[in-house]
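S.K.: Predicted model and sequence follow; I will ask about them next.
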Amino acid sequence: MSTTPKALITGITGQDGSYLAELLLEKGYDVVGVARRSSTVTFERIAHLQEDIEIAFGDLLDQYSMIKLLEDHQPVEVYNLAAQSFVPTSFDQPVLTGEITGLGVTRVLDAIRVVDPSIRFYQASSSEMFGKVQEVPQTEATPLYPRSPYGVAKVYGHWITINYRESYGLHASSGILFNHESPRRGHEFLPRKVSYNVAKIALGLQDELRLGNLDARRDWGFAGDYVEAMWLMLQQDEPDDYVVSTGETHEVRELVQLAFEHVGKNYEDHVVIDEKFYRPAEVDLLIGDATKAEKQLGWKPKTSFPELVAMMVDADIALLKGDLKGISH
Ligand code: NDP
Ligand code: GDR
């Protein structure tokens with residue numbers, strides 16, 4: 001029998017799935033990535049890994065598919081990264097978001113309980129659970145106050161993970177990750193929307209960028225750094241919950257300004273405020289305290305905020321010039 005550890009990642013086609021797959025391959029794992037059936041190919045972010053990982057089909061909406069995946073592949077670790085993860089969509093499709101991002105976690109946990117309770121489990125919890133923040137900075141002990149159907153669904157996912165840990169003794173851990181970005185980020189999220197459109201403006205392809213609330217503050221890090229914390233959590237003797245963040249907060253306006261400055265431009269000449277991008281309820285301020293992750297996991301972010309913004313703008317300029325597929329960072 002092979003002694004190579006096998007990990008199963010839900011959400012393999014997403015931003016974090018691609019970085020985590022790379023990390024686990026480097027560490028010598030066999031990686032099985034769970035994708036859902038689609039009429040178009042959604043493998044852009046993992047195209048460069050397709051020879052090295054196995055793709056299996058399943059859906060967090062379908063309980064039996066989760067059970068079958070575990071029976072067929074017998075992983076020792078499961079990373080649950082799948083979610084409907086875009087906050088504005090959660091206001092438009094609150095029930096679907098609850099089904100995937102909330103109840104979906106139970107489907108994975110219950111499959112583990114039934115098939116093999118020794119499987120170690122990682123849940124992708126989120127700083128959006130802090131919402132209207134009750135404490136600054138936010139730690140693992142800060143009370144939760146979500147401000148969107150997405151945030152509410154993540155609170156459910158977070159607590160059901162703790163509940164399965166306490167009820168059935170599962171090695172189930174939750175990473176409360178603050179915003180993390182990369183050149184592989186979806187185009188609808190603020191930093192990627194900014195980097196892509198700034199790149200277009202720099203290349204003379206357009207002149208205007210329409211945005212919503214510039215006053216919100218976020219704690220932004222690099223996705224490539226954050227997946228390391230996920231893996232470290234599952235290597236601990238005991239399961240636990242950890243905040244993963246940089247400990248710095250920046251206004252949306254600052255990110256926008258920095259991105260424009262990187263290409264020698266003034267954001268005020270190009271940005272137009274559009275009410276359409278405002279949310280029914282906003283999360284005004286996020287800043288995480290990752291002391292526990294640093295002390296217990298030995299984890300620290302490596303990429304600074306200006307480095308992250310520059311990396312994303314440069315990658316989008318290269319992408320638009322046609323000499324990068326957007327997957328090499
Ligand atoms: P993405 O939105 O990039 O990826 C989400 C993934 O989930 C995609 O692979 C998507 O597949 C998959 N998915 C969606 N619905 C289902 C379903 N019903 N069944 C199976 N798979 C499904 O997210 P990120 O990579 O940025 O984030 C990973 C996880 O971390 C998410 O759970 C997110 O909520 C959470 N998180 C993210 C943070 C961030 O800043 N990036 C911060 C904190 C938490 P498809 O390609 O088919 O749509
Ligand atoms: P967020 O990320 O909601 O924090 O959730 P997003 O990048 O979408 O928004 C960040 C902030 O920017 C403001 N904003 C805009 N946002 C978008 N998308 N588009 C705009 O035009 C715009 N203008 C201003 C927003 O109002 C907000 O304050 C992300 C997701 O990855 C979640 O899945 C994850 O859990 C959290 O980060 C941590």
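M.R.: In hand now; what should we look at? Residues are numbered from 1 along each chain as shown. Ligands and ions are numbered 1, 2, ... in the order given.

S.K.: Quick one: name the residues of the stretch 51-200 of the chain near ligand 1.
M.R.: 59-61, 81-85, 100, 124, 126, 177, 179-180, 186 (CB under 6 Å from any ligand atom). Placement of C-beta: from N, CA and C, glycine included.

S.K.: Which stretches in this structure count as helices?
M.R.: 15-26, 63-73, 87-92, 94-97, 104-115, 149-168, 190-202, 223-234, 252-262, 291-292, 305-321 (DSSP state H).

S.K.: CSV for those, including mean neighbour count and mean pLDDT?
M.R.: CSV is the format used below for the helices of the chain (neighbours: other CB atoms under 10 Å; pLDDT from 0 to 100):
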stretch, mean neighbour count, mean pLDDT
helix 15-26, 22, 98
helix 63-73, 17, 98
helix 87-92, 17, 98
helix 94-97, 16, 98
helix 104-115, 22, 98
helix 149-168, 21, 98
helix 190-202, 22, 98
helix 223-234, 23, 98
helix 252-262, 20, 98
helix 291-292, 16, 98
helix 305-321, 19, 98
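
S.K.: Could you dump those helices into JSON lines and include distance to Gly33?
M.R.: As requested, these are arranged in JSON lines below (distance: least, CB to CB, whole Å):
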{"stretch": "helix 15-26", "distance to Gly33": "6"}
{"stretch": "helix 63-73", "distance to Gly33": "11"}
{"stretch": "helix 87-92", "distance to Gly33": "23"}
{"stretch": "helix 94-97", "distance to Gly33": "22"}
{"stretch": "helix 104-115", "distance to Gly33": "14"}
{"stretch": "helix 149-168", "distance to Gly33": "20"}
{"stretch": "helix 190-202", "distance to Gly33": "22"}
{"stretch": "helix 223-234", "distance to Gly33": "13"}
{"stretch": "helix 252-262", "distance to Gly33": "30"}
{"stretch": "helix 291-292", "distance to Gly33": "29"}
{"stretch": "helix 305-321", "distance to Gly33": "23"}
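
S.K.: Filter the residues of the stretch 51-200 of the chain next to ligand 1 down to the buried ones, PyMOL style.
M.R.: In PyMOL, a selection of the buried entries from those looks like this (16 or more other CB atoms under 10 Å):
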select buried, resi 59+60+81+82+83+84+85+100+124+126+177+179+180
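
S.K.: restrict the residues of the stretch 51-200 of the chain next to ligand 1 to contacts with ligand 2.
M.R.: Answer for these near ligand 2 (CB under 6 Å from any ligand atom): 85, 126, 179.

S.K.: Please tell me how far the second one sits from Tyr164.
M.R.: Computed with CB to CB, to the nearest Å, the distance linking Ser126 and Tyr164 is 18 Å.

S.K.: How about Arg147, nearest residue that isn't a chain neighbour?
M.R.: Nearest residue to Arg147, sequence neighbours excluded (CB to CB, 6 or more residues apart in numbering): Gly131, at 3.7 Å.

S.K.: try Phe277
M.R.: Gly212 (2.8 Å).

S.K.: tell me the contacts of Gly298?
M.R.: Leu232 (CB atoms under 8 Å, 6 or more residues apart in numbering).

S.K.: Which pLDDT value belongs to it?
M.R.: With respect to pLDDT, Gly298 has a value of 98.

S.K.: Looking from ligand 1, tell me which residue of the stretch 201-329 of the chain is nearest.
M.R.: Across the stretch 201-329 of the chain, the shortest distance to ligand 1 (CB to the nearest ligand atom) belongs to Ala223, at 6.4 Å.

S.K.: So that residue is in contact with His180, correct?
M.R.: Yes - when contacts are counted by CB atoms under 8 Å, Ala223 is listed as touching His180 (4.4 Å).

S.K.: what's the spacing between Pro143 and ligand 2?
M.R.: 17 Å (CB to the nearest ligand atom, to the nearest Å).

S.K.: what's the burial count for that residue?
M.R.: A count of nearby residues for Pro143, using other CB atoms under 10 Å, gives 10.

S.K.: burial of the nearest residue to it once chain neighbours are set aside, as a residue count?
M.R.: Nearest residue to Pro143 in three dimensions, chain neighbours excluded: Gln134, at 4.5 Å (CB to CB, 6+ apart). When neighbours are counted by other CB under 10 Å, Gln134 registers 11.
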